[in-house]
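Peer 1: Provide a 3D model corresponding to the input given below.
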Amino acid sequence: MNSSDVLLDAFGRVPELVHGVLDGLDGADGAVDARLTARLDPEANSVAWLVWHLTRVQDDHVADVAGTEQVWTAAGWADRFGLPLDPSDTGYGHNPDQVAAVRADAGLLRAYHDAVHAETVRFVRSLDDADLERVVDAQWDPPVTLGVRLVSVVGECHQHAAQAAYVRGVLERTGR
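Peer 2: Predicted coordinates for the structure are as follows:
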């Protein structure tokens, strides 16, 4: 197993987590299931926001290091979601009103995530161990290498997928 294989395995676990969170949250007739946008308190993130955000971050960061356009804009996902946000917005630093503005059904969230995952896999498969040493952000000390950036993205995705699962679990246990 080489470094690319390890990264593929780590990224490959994210869709399993995302699908697990979204399964069963498909609203009737394309409506958004209320559990997707419910928040545990007015300052908290919703399941929809967490899944959208982790996918936007993965899309943004992988496209940046791959030198490609984000799936969000290149494949028309920004238009399909129709959110009142700038197309470059990944959710970082969102306030409660911006979190509330992220409304999407489970099918749309799942499909966008799967499209981003496919691009991530395509890019990671193209890498060899030497590629992971390339500096992608010299503004940090030490500078951030491609390998470190990809591990960071994996960590962010796993963290937010776990948060989404937790929110869904609390909502289901409290009957909300």
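Peer 1: for L25, give its distance to V18.
Peer 2: Using CB to CB, to the nearest Å, L25 is found at 11 Å from V18. Glycine gets a C-beta too; all of them are placed from N, C-alpha and C.
Peer 1: mind checking which of the two has more residues around it?
Peer 2: The residue with more neighbours, out of L25 and V18, is V18; 26 against 20, by other CB atoms under 10 Å.
Peer 1: nearest residue to the more buried one in space, please, no chain neighbours.
Peer 2: Counting by CB to CB, 6 or more residues apart in numbering, V18 lies nearest to H113, which is 5.0 Å off, once chain neighbours are set aside.
Peer 1: repeat for V65
Peer 2: Closest to V65 by CB to CB, 6+ apart is V136, at 5.0 Å.
Peer 1: after the host helix or strand of the one you found, which helix or strand is next? Please name it.
Peer 2: Using DSSP states H and E, the element containing V136 is strand 135-137. Scanning forward in sequence from strand 135-137 by DSSP H and E, the next helix or strand is strand 144-145.
Peer 1: need the contact list for the residue nearest to V65.
Peer 2: Going by CB atoms under 8 Å, 6 or more residues apart in numbering, V136 touches D64, V65, V144, T145, L146, R149.
Peer 1: among those residues, name the buried ones.
Peer 2: Buried by 16 or more other CB atoms under 10 Å: V65, V144, T145, L146, R149, out of these.
Peer 1: just curious, which of those is nearest to N2?
Peer 2: For the buried ones among the contacts of V136, the closest approach to N2 (CB to CB) belongs to L146, at 14.3 Å.
Peer 1: how much space between the residue nearest to V18 and E43?
Peer 2: Computed as CB to CB, the H113 to E43 distance reads 25 Å.
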